[in-house]
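# show me how the following folds:
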Amino acid sequence: MKTVLTALSLGLCFSATVASADTLPLHNGGRTAAPAYTHQWPGVYFETTTASKSVTLSFDDSINIYKLYLNGEVVKVIEKPGKATVRFDSPSANAVDVYRLEKITESQGQTGRFLGFSADKPAALTARTRQIEFIGDSYTVGYGNTSPKRECTTDEVWATTDTSQAFGPLTAKLYDADYQINAFSGRGIVRNYNGFQGDTLPTLYAHTLFDGKSLYDDKSWKPRIIVIGLGTNDFSTALNPGEKWKSRDALQADYRDTYVAFVKRLRAKNPQAHFILMASDQANGEIRDQVTQVAKTLKAGGETRLDTIYFDGLDFGGCHFHPSLADDRKLSRLLKDWIDSHPQVWQGR
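Got it, this is the predicted structure:
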């Protein structure tokens, strides 16, 4: 059964005219590019505050689903708004309202644009002091995590993916932390799912958009915690004829070397961060074993702020045997337990 997401209901009005700029102060989380807030990575979000009881959201996006939050509660779901403005009338009795718009779908092949919030009574935004980053694949995206079944069509995967309920955003919100979800379904460290051709995650990671051109360089992004979960796509299928690795041992060695180099590049840009390498017990323990070796190599080379978290016992009830909402909550609890036992990481220690 496909999850039904209603586009708009009482309190929202569409207009075919797209505003040229936001007039309210705006904070965005995740990677965006000009013009306006063009985005492709999952989990991007936008926040504003206003004393007005009517706010307008401006879009140029015919591919994504968004959740609109008012004072921390989801009030509307906006599906494929296109080139339009959307007005929302707040029922809140608060003097100042906080709005948050979250993209919940994955858009690998196309970009979406959010042009901002408009209202006549701006209010000051409060900056957060914590930042956390999640790097991964479909597990980190939240691929089909709201699905009631495992067998899904492409459309059903799109409709049942909700990054806002994946383990990364769930964890970040526990600590009122800004976050980035730098994840791409089907991609690995050196090998994509079943060996299909395409940029691997370390290559994609360098860019703001998936165009191979827009290099990401935001000096304000200084996460204290970087969680990496990569390996499922490298190891979950057998090698195919014609792939560059002649044996499983060669694939494993390439994975380890590339993963170590990737973490070292991340360390050079994030000297204050603590790394958490996550791995499941899938592929007969191959993923876990290879991540263990990566961690050992990094620590032997002098890396002191790095830990591993291994997980098992998931029900994989989402589309195509991906983590379900219950699994995402379990993974978030594992991360919370680790962070709560290492509170010094928020200070870069």
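
# report the buried residues of the helix or strand containing Thr171.
Counting by DSSP states H and E, the element that carries Thr171 is helix 167-174. The neighbour-count criterion (16 or more other Cβ atoms under 10 Å) identifies 167-172 as the buried residues of helix 167-174. (Each C-beta comes from the backbone N, C-alpha and C, glycine too.)

# going by distance to Ser54, which of the residues you listed wins?
Pro169 (27.7 Å; Cβ to Cβ).

# my guess is that closest one meets Thr163, correct?
Yes: judged on Cβ atoms under 8 Å, Pro169 makes contact with Thr163 at a distance of 6.5 Å.

# hey, what's in contact with both of the two?
Listed contacts common to Pro169 and Thr163 are 43, 102, 181; contacts here mean Cβ atoms under 8 Å, 6 or more residues apart in numbering.

# ok, of those, which come out buried?
43, 102, 181.

# how does the chain divide into domains?
Residue ranges for the domains of the chain, per automatic domain parsing: 12-118, 131-347.

# sketch out the low-pLDDT regions of the stretch 101-250 of the chain for me.
Within the stretch 101-250 of the chain, no stretch has pLDDT under 70.

# all helices of the stretch 101-250 of the chain, in order?
Ranges of helices in the stretch 101-250 of the chain, per DSSP state H, counting those that start in this stretch, are 138-141, 154-160, 167-174, 201-204, 232-235, 248-269.

# if we can go back for a sec, in a markdown table: the buried residues of helix 167-174, plus distance to Glu286.
Compiled in a markdown table, these are given as follows (distance: Cβ to Cβ, whole Å):
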| residue | distance to Glu286 |
| --- | --- |
| Phe167 | 22 |
| Gly168 | 24 |
| Pro169 | 28 |
| Leu170 | 27 |
| Thr171 | 26 |
| Ala172 | 29 |
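
# out of the helices of the stretch 101-250 of the chain, deepest packed?
Most buried of the helices of the stretch 101-250 of the chain, by mean neighbour count (mean count of other Cβ atoms under 10 Å): helix 138-141, with a mean of 28.

# grab the most central residue of this structure for me.
By Cα atoms, centre = their mean, the chain has its centre lying nearest to Ile181, at 2.4 Å.

# can you tell me the closest non-neighbouring residue to that one?
Excluding the flanking residues, the one nearest Ile181 by Cβ to Cβ, 6 or more residues apart in numbering is Gly43, at 3.1 Å.

# residue contacts, the one you found?
Going by Cβ under 8 Å, 6+ apart, the list of residues near Gly43 reads 29-30, 102-103, 134, 141, 163-164, 166, 168-169, 179-181, 183.

# got it, and Ser220?
Shown in contact with Ser220 (Cβ under 8 Å, 6+ apart): no residues.

# need the phi and psi values for it.
phi -80, psi -10 (degrees, to the nearest 10).

# repeat for the one 3 residues further on
Per-residue torsions, Pro223: phi -60, psi 140 (degrees, to the nearest 10).

# so it touches Asn270, yeah?
Yes: counting by Cβ under 8 Å, Pro223 touches Asn270, with 6.3 Å between them.

# what about the strands in the stretch 201-349 of the chain?
225-229, 274-280, 306-311 (DSSP state E, counting those that start in this stretch).

# of those strands, which is nearest Leu24?
Among the strands of the stretch 201-349 of the chain, strand 225-229 comes nearest to Leu24, with 29.9 Å by Cβ to Cβ.

# roughly how far is that closest one from the heart of the chain?
Strand 225-229 sits 11 Å away from the centroid of its parent chain (Cα atoms, centre = their mean, to the nearest Å).

# now do it and helix 167-174, the angle between them.
Angle of strand 225-229 versus helix 167-174, following axes from the mean of the first three to the mean of the last three Cα atoms, to 10 degrees, is 160 degrees.

# partner strands of strand 225-229 and their direction?
strand 131-136 (parallel), strand 274-280 (parallel) (DSSP bridges).

# now the angle between strand 306-311 and it, please.
Counting by the same axes, to 10 degrees, strand 225-229 lies at 50 degrees to strand 306-311.

# circling back to that earlier point, want to throw the strands of the stretch 201-349 of the chain into CSV with mean neighbour count?
Shown next, in CSV, are these (neighbours: other Cβ atoms under 10 Å):
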stretch, mean neighbour count
strand 225-229, 25
strand 274-280, 23
strand 306-311, 16
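
# so which of those is nearest Pro241?
Set against Pro241 and scored by Cβ to Cβ, the strands of the stretch 201-349 of the chain come closest in strand 274-280, at 27.2 Å.

# quick revisit: can you put the strands paired with strand 225-229 in CSV and add distance to Arg191?
Formatted as CSV, the strands paired with strand 225-229 follow (distance: least, Cβ to Cβ, whole Å):
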stretch, distance to Arg191
strand 131-136, 15
strand 274-280, 16
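
# what about the residue nearest to Ile181, which helix or strand?
Here Gly43 sits in a region with no helix or strand, counting by DSSP H and E.

# and the gap between it and Ala172?
Taking Cβ to Cβ, to the nearest Å as the measure, Gly43 falls 9 Å from Ala172.

# any common contacting residues for these two?
By the contact definition Cβ under 8 Å, 6+ apart, Gly43 and Ala172 are jointly contacted by Tyr179.

# so Gly142 makes contact with Ala166?
Yes: between Gly142 and Ala166 there is a contact at 3.1 Å, judged by Cβ under 8 Å.

# okay, and the common contacts of these two?
Counting by Cβ under 8 Å, 6+ apart, the residues touching both Gly142 and Ala166 are Asp328.

# need the strands of the stretch 201-349 of the chain in CSV (columns: distance to Ala123).
Converted to CSV, the strands of the stretch 201-349 of the chain look like this (distance: least, Cβ to Cβ, whole Å):
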stretch, distance to Ala123
strand 225-229, 30
strand 274-280, 34
strand 306-311, 39
